[in-house]
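Student: no sequence for this one, just the structure:
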């Protein structure tokens with residue numbers, strides 16, 4: 001993801017699910033260098049992988065809440 005979007009390492013580490021907009025294929029990076037927010041394009045090759053990862057984490061979260 002870092003290479004495909006030219007994202008900085010710290011920006012990538014701070015990403016949250018709410019920062020991913022699959023409909024517009026955008027990644028919002030908040031509090032980037034200089035304290036600014038910026039929008040990066042999400043590569044088409046990563047959309048399916050990111051969606052599956054988010055769905056997997058949602059299932060895990062739901063099961064943790066149930067326990």
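Tutor: Sure, I can see it. Being a predicted model, the structure only gives us computed values, none of them experimental.
Student: helices or strands next to the helix or strand where residue 48 lies in the packing?
Tutor: Residue 48 is part of helix 44-66, with elements assigned from DSSP states H and E. Using 3 or more C-beta pairs under 8 Å, 6 or more residues apart in numbering; DSSP states H and E as the contact test, no helix or strand touches helix 44-66. The way it works is simple: take the backbone N, C-alpha and C, and place the C-beta from them, glycine included.
Student: For it, buried residues please.
Tutor: 46, 50 (16 or more other C-beta atoms under 10 Å).
Student: Please list the residues outside it that contact it.
Tutor: Helix 44-66 has contacts (C-beta atoms under 8 Å, 6 or more residues apart in numbering) with 1, 4, 17, 20, 22, 25, 42.
Student: Among those residues, show me the least confident.
Tutor: Across these, the smallest pLDDT goes to residue 1, namely 85.
Student: That one: how many residues sit nearby?
Tutor: 15 (other C-beta atoms under 10 Å).
Student: That one touches residue 7, doesn't it?
Tutor: Yes - under the criterion of C-beta atoms under 8 Å, residue 1 lies in contact with residue 7, with a separation of 6.5 Å.
Student: what sits against the residue positioned nearest the centre of the chain?
Tutor: In the chain, the centroid-proximal residue (C-alpha atoms, centre = their mean) is residue 20; its distance is 4.5 Å. Shown in contact with residue 20 (C-beta under 8 Å, 6+ apart): 26-27, 42, 50, 54.
Student: For residue 29, grab the count of nearby residues.
Tutor: 20.
Student: Return the helix or strand in this structure with minimum mean pLDDT.
Tutor: Within the chain, no helix or strand scores below helix 2-5, which has a mean of 88 by mean pLDDT, DSSP states H and E.
Student: Surely residue 40 touches residue 7?
Tutor: Yes - at 6.2 Å, residue 40 counts as touching residue 7 under the criterion of C-beta under 8 Å.
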